[in-house]
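Visitor: Please find the sequence and the predicted model below.
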Amino acid sequence: MTVLRYPISTERAISLIDKSNVVVYVVDFRASKSDIKKEFENTFKVKVVAVRTANTMSNQKKAFIKVGKGYKASDVAAKLKLV
């Protein structure tokens, strides 16, 4: 099962990258927070501090992934070509 689907590139999501060191992703609806954390760390080689999730009205699950202190979410965003 692929946990990470695609990153969100709205204005609010981009501002979270700069302000809070958070990357917003749409993930598989059945994925747990630990699954999201493991796949994100393995894919982007960064340390994840916290994962918050929210279910949307359109049956999607968003994950707000906070990147650790030694790393920058803007570097991850650059790899994803968001900024």
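Guide: Sure, I can see it.

Visitor: neighbouring contacts of the helix ranked longest in the chain?
Guide: Secondary structure of the chain read by DSSP state H shows that its longest helix is helix 33-44. With contacts defined as CB atoms under 8 Å, 6 or more residues apart in numbering, helix 33-44 is touched by 3-4, 23, 25, 27, 46-48, 51, 53, 63, 65, 76, 79. C-beta here means a position set from N, CA and C on the backbone, and glycine is covered the same way.

Visitor: Helix or strand: which one has the residue sitting furthest away from the middle of the chain?
Guide: For the chain, the residue at maximal distance from the C-alpha centroid (CA atoms, centre = their mean) is residue 57, at 19.1 Å. Of the helices and strands defined by DSSP states H and E, none includes residue 57.

Visitor: All the strands of this structure, residue numbers only.
Guide: Using DSSP state E, the strands of the chain run over 4-7, 22-27, 48-55, 61-67.

Visitor: In PDB, could you pull the C-alpha coordinates for the first one?
Guide: Okay, so that is strand 4-7. What follows is strand 4-7, C-alpha atoms only, in PDB (Å, rounded to 0.1, in the frame of the first residue of the first chain):
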ATOM      1  CA  LEU A   4       1.700   9.100   0.500                       C
ATOM      2  CA  ARG A   5      -0.500  10.200  -2.400                       C
ATOM      3  CA  TYR A   6       0.400  13.800  -3.400                       C
ATOM      4  CA  PRO A   7       1.400  17.000  -1.700                       C
END
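
Visitor: begin at 31 from here
Guide: Will do, 31 is the new start, and the previous item becomes strand 34-37.

Visitor: Now do the buried residues in it.
Guide: Across strand 34-37, burial judged by 16 or more other CB atoms under 10 Å covers 34, 37.

Visitor: Next: the second one.
Guide: By neighbour count with 16+ other CB under 10 Å, strand 52-57 contains the buried residues 52, 53, 54, 55, 57.
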